[in-house]
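>>> missing the sequence, but the structure's below:
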């Protein structure tokens, strides 16, 4: 891989799609909730669940930590694995009640990432989404869409390998990280998810950047 291909992909996607202005949330805690709920489900289901939580006043840290688990399960049922997700939502809310969300988010980026990964139900993608979008710290998010697009242009690697590639080539810029991740997701939904490979603006690229 030559230096510059990831920057070229970013420029192509941005020119084609325009700015995406992610993450759609009113508060940092709402980002955390969305990151947990979006695991293995569509964002439309997450939006439905978040609206339900809002209606019941459960998008506050203390309120969610104290919420009735049965009610919580019903509100997030649309996201699948609802018992598991309800339990994990209460768990992370309880963690923030004890530790203080502002104090946690003030940690250095790698310490914050490790802390998030230590929580039940939080894997690499969820942790990095929280670090980037909720705490506003520079950590590039790798998801299935990113892995697929990279594979199509000849770049392969596991989560951490791909993340290192992005973070090495790109400027350490929170806004660029957010925009790039959003562009990959929205582009993949529009093209990869609909098998529009012949129309793909990235099809001429390969690992050499040609």
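Happy to help now that I have it. As the structure is a computational prediction, the values presented were derived from the model and not from experiment. Residues are numbered from 1 along each chain as shown.
>>> skipping adjacent residues, who's closest to residue 40 in space?
Spatial nearest neighbour of residue 40, chain neighbours left out: residue 80 (6.0 Å); criterion: Cβ to Cβ, 6 or more residues apart in numbering. C-betas here are computed from N, CA, C, even on glycine.
>>> report the contact partners of the one you found.
Residue 80 makes contacts with 40-41, 45, as judged by Cβ atoms under 8 Å, 6 or more residues apart in numbering.
>>> what does residue 91 give?
For residue 91, the contacting residues are 119-121, taking Cβ under 8 Å, 6+ apart as the criterion.
>>> strands - which of those land there?
Using DSSP state E to define strands, no part of the contacts of residue 91 is located there.
>>> derive a ChimeraX selection command for the buried subset of the residues you listed.
Written as a ChimeraX command, the selection of buried residues from those, which uses 16 or more other Cβ atoms under 10 Å, is:
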select :119
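>>> could I get the contacts of residue 91 as TSV with pLDDT and distance to residue 203?
Putting those into TSV (pLDDT from 0 to 100; distance: Cβ to Cβ, whole Å) gives the following:
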residue	pLDDT	distance to residue 203
119	97	39
120	94	41
121	93	37
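>>> now the contacts of residue 91 in JSON lines, with distance to residue 178?
Below are those laid out as JSON lines (distance: Cβ to Cβ, whole Å):
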{"residue": "119", "distance to residue 178": "22"}
{"residue": "120", "distance to residue 178": "26"}
{"residue": "121", "distance to residue 178": "23"}
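>>> now residue 158: how far from residue 185?
Summarising the geometry, the distance separating residue 158 from residue 185, computed by Cβ to Cβ, to the nearest Å, is 19 Å.
>>> where does the protein dip in pLDDT?
In the prediction, the chain carries residues with pLDDT under 70 at positions 1-3, 206-210.
>>> geometric centre of it: which residue is closest?
With the centre of the chain defined as its mean C-alpha position, the nearest residue by Cα atoms, centre = their mean is residue 129, 3.7 Å away.
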